[in-house]
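**Q** Following is a predicted model, sequence given first.
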Amino acid sequence: MLYRGIIHVHSSFSYDSFMKPSTIVNIAEKNNLNFIIVTDHDTIAGAVEVQRIVKKRGLNIEVPLAAEYKTSYGDVIAAFIDYELKNMDFDTFCNEVRRQNGIILLPHPFKGHQNIEYLVEKSDLIETFNSRASRQANEKALEIAVRKQKPYYAASDAHLSNELLNTVLKLNSEYDLKNALLNSEIYCEVNNSSNPYNIICSQCIKAIKKRDIKLLGAQTKSFMSYLYNRDLLKPF
């Protein structure tokens, strides 16, 4: 079985994305992807909706239930689960994922996490390239994954439609998707970094959805600086 798809994608069910689940499916269908792991913040609702659309259209795209949860040690992805997780104590969280026969993915290990060594040990897959993370953070993630002998993958961490295909993965395996990810070598067909503008945009979306005026002001200032530093904005 040749698997070709994307891991770590956010839809409008996340607080920092407006991307419709139908848009994710449209792009996946157009680009012949056969798996998508949708990882909205603290909810499987986006994955459920993408599943529904895929089924309605009769597409051969696998969409496991998954989400990126904010645990006591930082963001962790639970994938191939059966229902929503509620307890965010990290060890309790891990035990519940195991009870559901799911797997644990550690996104951007050096961005917003505590007890990183322990997190890596407890995780099944480590994200060693995140298109929104710095080169240094990605290099450190790869180093620790190799040192701990953990399987690893790359992710776009897409919040906008133009980021969705920043990273496209390919693997060839006789296993089902879950076990293929755990036991097969994962190749990057596409591996691009995100534009800083996209990160600012998603933070603005977060500010709007959460009605956080202070965050919106800070991101507007960042955007103006971004334009100025690239000679796209002349000083007044």
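**A** Happy to help now that I have it.

**Q** tell me the contacts of Leu182?
**A** Ile103, Asp124, Leu125, Pro151, Tyr175 (CB atoms under 8 Å, 6 or more residues apart in numbering). Using the backbone N, CA and C atoms, a C-beta is placed for each residue, glycine as well.

**Q** Tell me what the nearest residue to the third one once chain neighbours are set aside is bridged to.
**A** This points to Leu125. Nearest residue to Leu125 in three dimensions, chain neighbours excluded: Leu105, at 4.7 Å (CB to CB, 6 or more residues apart in numbering). In this entry, Leu105 is beta-bridged to Ile77, Leu125, by DSSP bridges.

**Q** Can you check the pLDDT for Leu105?
**A** Leu105 is assigned a predicted lDDT (pLDDT) of 98.

**Q** Likewise for Lys214?
**A** pLDDT for Lys214: 87.

**Q** and if you look at the one 10 residues further on?
**A** pLDDT, the model's per-residue confidence, is 67 for Met224.

**Q** For this protein, which segments count as helices?
**A** Assigned by DSSP state H, the helices in the chain fall at 21-30, 45-57, 90-99, 116-122, 135-147, 177-183, 196-210, 213-229.

**Q** okay if I get those as TSV plus distance to Val38?
**A** Shown next, in TSV, are the helices of the chain (distance: least, CB to CB, whole Å):
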stretch	distance to Val38
helix 21-30	7
helix 45-57	4
helix 90-99	17
helix 116-122	22
helix 135-147	22
helix 177-183	14
helix 196-210	16
helix 213-229	24
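
**Q** Looking at the contacts of Leu182, which is nearest Asp157?
**A** Leu125 (14.4 Å; CB to CB).

**Q** burial measure for that closest one, as a count.
**A** 21 (other CB atoms under 10 Å).

**Q** Also Glu127?
**A** Neighbours of Glu127 using other CB under 10 Å come to 26.

**Q** Give me the nearest residue to it, chain neighbours excluded.
**A** The shortest distance from Glu127 to any non-neighbouring residue, by CB to CB, 6+ apart, is to Pro107 (4.6 Å).

**Q** Tell me which residues touch that neighbour, please.
**A** With contacts defined as CB under 8 Å, 6+ apart, Pro107 is in contact with His8, Thr39, Glu68, Asp75, Val76, Ile77, Glu127, Asn130, Ala155, Asp157.

**Q** mind listing which of the residues you listed are in strands?
**A** His8, Glu68, Asp75, Val76, Ile77, Glu127, Asn130, Ala155 (DSSP state E).

**Q** okay, the residues you listed in JSON lines with distance to Val54 and pLDDT next?
**A** Listed next are the ones in strands among the contacts of Pro107 as JSON lines, based on distance: CB to CB, whole Å; pLDDT from 0 to 100:
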{"residue": "His8", "distance to Val54": "18", "pLDDT": "98"}
{"residue": "Glu68", "distance to Val54": "20", "pLDDT": "98"}
{"residue": "Asp75", "distance to Val54": "25", "pLDDT": "98"}
{"residue": "Val76", "distance to Val54": "25", "pLDDT": "98"}
{"residue": "Ile77", "distance to Val54": "20", "pLDDT": "98"}
{"residue": "Glu127", "distance to Val54": "24", "pLDDT": "98"}
{"residue": "Asn130", "distance to Val54": "25", "pLDDT": "97"}
{"residue": "Ala155", "distance to Val54": "20", "pLDDT": "98"}
